[in-house]
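>>> Turn this into a model:
(one chain, ligands or ions: 2)
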Amino acid sequence: MDWESLAVISSVFLFGFLENLFPFFNFKQSFQSKTDTNLILGIVNLTASSLTTALLLNWVWQQSIWQGFFHWIKSPLLGIALSFLLLDAYMYIWHRWMHTIPIAWHFHKVHHTEVSMNTSTAYRFHPVEAIASNIPKLFLVLLFGITPRYLLFYETLLAIELIFHHSNWAIPRQIDKFLSYIIVTPNCHRVHHSESLKESQSNYASFLSIWDRLFNSYYYPQYPDKIKLGLHESYQKFNSLSLLMLPFAKKF
Ligand SMILES: [Zn+2]
Ligand SMILES: [Zn+2]
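Residues are numbered from 1 along each chain as shown. Ligands and ions are numbered 1, 2, ... in the order given. Predicted coordinates:
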């Protein structure tokens with residue numbers, strides 16, 4: 001197994017273990033009912049997006065029409081840092097679009113129906129959103145000439161960070177607050193999953209929290225334990241099939 005897959009799988013076990021040992025919220029649902037739906041969606045998303053992007057990425061990296069702007073950067077360290085910043089800024093913009101474009105919100109709200117946020121929530125996305133988010137990313141890879149190694153490096157760290165900030169692990173508040181100056185922490189992301197519309201329109205960043213500070217959407221909760229997760233309408237029970245159909249439902 002390659003180190004990237006090993007690191008992601010280990011982080012699922014690590015943060016899953018920590019959230020069960022030191023939970024932030026004491027959810028009533030069983031472990032299975034909290035994770036089953038999300039893991040099914042995760043498998044569908046992973047399969048669908050790897051099938052659709054693998055061929056396109058292969059073409060992007062094989063073509064010789066355009067080498068990309070980063071082609072002129074000779075330092076690998078600078079190349080990896082700039083690729084990381086560019087991809088992470090894109091993730092911020094994409095997430096903000098998901099909340100501001102009405103049709104996009106219909107798909108993104110699948111992620112926000114979660115009422116017992118835990119590590120498996122990192123995989124609770126509608127496949128249409130999972131696939132669509134790769135299209136502008138492919139364009140950036142082509143335009144800037146982001147290499148397979150740099151893309152894989154960012155995607156691996158992002159996958160770990162998504163598992164971390166969705167986890168229900170009760171990190172001491174001071175440590176969470178300190179970390180939130182650099183990265184998205186569980187408390188920061190809990191606000192984004194708040195039932196309150198005003199609170200959920202904050203903290204759109206995926207990895208580095210600088211984007212929220214830069215674009216005035218950063219908000220650190222004073223009482224994170226008072227946050228009510230989910231949507232007003234999400235009291236009903238959803239299974240993977242009803243979540244897949246949710247964007248097309250007349251009511252909701
Ligand atoms: Zn969101
Ligand atoms: Zn989330």
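
>>> low pLDDT regions in this protein?
Per-residue confidence for the chain (pLDDT under 70) gives these ranges: 234-236, 251-252.

>>> Might you report the residue contacts of the residue positioned nearest the centre of it?
Geometric centre of the chain, nearest residue: residue 162, 4.9 Å, by Cα atoms, centre = their mean. For residue 162, the contacting residues are 122, 206, by Cβ atoms under 8 Å, 6 or more residues apart in numbering. All C-beta atoms are positioned from the backbone trio N, CA, C, and that covers glycine.

>>> wait, is it part of a helix?
Yes. Residue 162 forms part of a helix when assessed by DSSP: H, G, I helix; E, B strand; the rest coil.

>>> how near is it to residue 215?
20 Å (Cβ to Cβ, to the nearest Å).

>>> Same question for residue 130.
24 Å.

>>> With neighbour numbers in mind, choose between the two.
residue 130 (20 against 14; other Cβ atoms under 10 Å).

>>> so when I look at that one, I'm seeing a strand, right?
No. Counting by three-state DSSP, residue 130 falls outside a strand, being helix.

>>> hang on, it packs against residue 49?
Yes. Using Cβ atoms under 8 Å, residue 130 makes contact with residue 49 at a distance of 5.0 Å.

>>> Where is the longest helix in this protein?
For the chain, the longest helix by residue count, based on DSSP state H, is helix 31-62.

>>> residues of that one that come out buried?
Neighbour-count burial for helix 31-62, counted by 16 or more other Cβ atoms under 10 Å, picks out 34-35, 37-38, 40-42, 44-45, 49, 52-53, 57, 60.

>>> repeat for stretch 217-235
217, 218, 219, 220, 221, 224, 227, 229, 230, 231, 234.

>>> Check whether the second one really touches residue 203, as I assumed.
Yes. With the criterion set as Cβ under 8 Å, residue 218 and residue 203 qualify as a contacting pair; they are 6.6 Å apart.
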